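Colleague: predicted model and sequence below, questions to follow.
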Amino acid sequence: MLGIAALYGTVGHLNARSAAGDPRIYATLLMQAQFISMIVLITSLGYVAASANLPMQEENLLTLDRRLGLDFRAYLGVVNDQLQLRWAFEQTYNSIQWQLVILILILPLFGHHRRAAEFALAFAIALIVTTIISTLVPATGVYHALGLVPSDHPNVEPVVYYGTLKELPLVRDGTTRLLNAYLLGPILTFPSFHAISAALYAWVFWPFRWLRAVGLLWNAVMVAATPIGGGHFFADVAAGLIIAVAAIYAVRRVGKYLTSDRQKQQKTLMPPDPLNAPILRVQ
């Protein structure tokens with residue numbers, strides 16, 4: 001996986017340095033290299049961190065949901081009984097990967113190079129923060145906390161939650177020590193990275209007027225589907241949205257700072273314009 005990322009990054013770098021360099025080519029290649037590297041490395045570190053086997057926090061998260069007045073069992077019952085709602089939730093929740101692929105391709109190809117760079121940085125920041133917090137606040141999921149079994153929701157199959165239910169205990173008790181980059185499963189519960197991704201995707205789709213409304217609506221439904229598909233507490237979703245907004249704010253601030261700093265450097269190096277030079281009048 002890292003070899004593939006290195007290949008993309010090297011070819012993109014060579015294209016950028018060449019006389020015939022095309023930003024649509026090298027930005028696309030470099031963006032793919034960045035995302036492959038960060039996903040493989042940070043997700044692997046998440047496994048390593050989870051092996052610390054800190055005390056589970058499911059009861060605290062469930063208590064927080066109840067203090068917010070939110071009832072997952074009732075929410076699950078509504079979704080379980082609504083065929084069209086289940087279909088919409090399934091389609092949007094399972095789109096986390098292909099939305100990422102689409103954005104990695106269309107952002108540089110349509111000339112949104114700055115937004116592409118901001119997206120990569122925001123994604124990295126959010127994934128790192130989520131990994132750290134999830135290590136300190138480990139949880140399997142709300143289905144486990146409430147003691148729910150498949151017969152309680154016969155029409156809902158939370159596949160991602162089942163992945164966490166299978167993978168996380170093996171990492172925590174030391175059974176899993178060999179990681180396969182192609183088979184890394186979901187082990188992050190609090191905060192929800194699905195909620196983070198949905199917020200980031202909606203933000204990144206915004207410059208495309210022809211995708212703006214669709215991206216916003218699609219990812220809003222994805223947020224609503226996150227508790228059901230991933231077995232997340234409502235607190236997981238709220239925390240994920242807060243992290244996404246904070247990451248977006250941070251990268252925008254960094255971008256403005258770098259832009260203003262570059263403009264100052266250009267003004268310092270730029271020779272004075274003779275047309276704007278002061279005129280001396282001799283009397």
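Modeller: On my side now, so go ahead.

Colleague: where in the stretch 151-283 of the chain is pLDDT low?
Modeller: 181, 183, 185, 261-283 (pLDDT under 70).

Colleague: report the buried residues of stretch 174-188.
Modeller: Neighbour counts over stretch 174-188 (16 or more other Cβ atoms under 10 Å) mark 176, 184, 185, 186, 187, 188 as buried. For glycine as for every other residue, the C-beta is placed from the backbone atoms N, C-alpha and C.

Colleague: could you dump these to CSV with secondary structure?
Modeller: What follows is these, written out as CSV (DSSP: H, G, I helix; E, B strand; the rest coil):
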residue, secondary structure
176, coil
184, coil
185, coil
186, coil
187, coil
188, coil
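
Colleague: of those residues, closest to residue 93?
Modeller: residue 186 (11.8 Å; Cβ to Cβ).

Colleague: how much space separates the residue most central in space within the chain from residue 95?
Modeller: Residue closest to the average C-alpha location in the chain (Cα atoms, centre = their mean): residue 197, at 3.6 Å. As judged by Cβ to Cβ, to the nearest Å, residue 197 and residue 95 stand 9 Å apart.

Colleague: got any residues that touch both of those two?
Modeller: residue 222 (Cβ atoms under 8 Å, 6 or more residues apart in numbering).

Colleague: mind listing what's buried along the lengthiest helix in the chain?
Modeller: If you go by DSSP state H, the chain has its longest helix at helix 234-269. Buried positions in helix 234-269, judged by neighbour count with 16+ other Cβ under 10 Å: 234-241, 243-244, 247-248, 251.

Colleague: what's the answer for stretch 103-122, then?
Modeller: 103-104, 106-108, 112-113, 115-122.

Colleague: state the pair within these that is farthest apart.
Modeller: Pairwise over the buried residues of stretch 103-122, using Cβ to Cβ, the maximum falls at 106 and 121, 18.2 Å.

Colleague: which strand or helix spans residue 91?
Modeller: helix 83-93 (DSSP states H and E).

Colleague: report all helices and strands that whichever helix or strand comes after that helix contacts.
Modeller: Later in the chain than helix 83-93, the nearest helix or strand by DSSP H and E is helix 96-109. Applying 3 or more Cβ pairs under 8 Å, 6 or more residues apart in numbering; DSSP states H and E, we find helix 96-109 packed against helix 23-50, helix 113-136, helix 193-205.

Colleague: excluding chain neighbours, what is closest to residue 230?
Modeller: residue 160 (4.7 Å; Cβ to Cβ, 6 or more residues apart in numbering).

Colleague: is it true that that neighbour touches residue 232?
Modeller: No. Using Cβ atoms under 8 Å, residue 160 is not in contact with residue 232, being 9.3 Å away.

Colleague: looking at these two, which one has more neighbours?
Modeller: residue 232 (33 against 20; other Cβ atoms under 10 Å).

Colleague: now the more buried one: which helix or strand?
Modeller: Going by DSSP H and E, residue 232 is not in any helix or strand.

Colleague: ok, the nearest residue to it once chain neighbours are set aside to residue 171 distance?
Modeller: With sequence-adjacent residues excluded and distances taken as Cβ to Cβ, 6+ apart, residue 232 is closest to residue 192, at 4.6 Å. Going from residue 192 to residue 171 by Cβ to Cβ gives 19 Å.

Colleague: quick revisit: what packs against the longest helix of the chain?
Modeller: Using 3+ Cβ pairs under 8 Å, 6+ apart, the elements in contact with helix 234-269 are helix 58-67, helix 113-136, helix 193-205, helix 209-230.

Colleague: ok, the residue nearest to the centre of the chain to residue 138 distance?
Modeller: 20 Å.

Colleague: OK, contacts around the nearest residue to residue 174 once chain neighbours are set aside?
Modeller: Once flanking residues are discounted, residue 174 sits nearest to residue 51: 6.8 Å by Cβ to Cβ, 6+ apart. Going by Cβ under 8 Å, 6+ apart, residue 51 touches 171, 172, 174.
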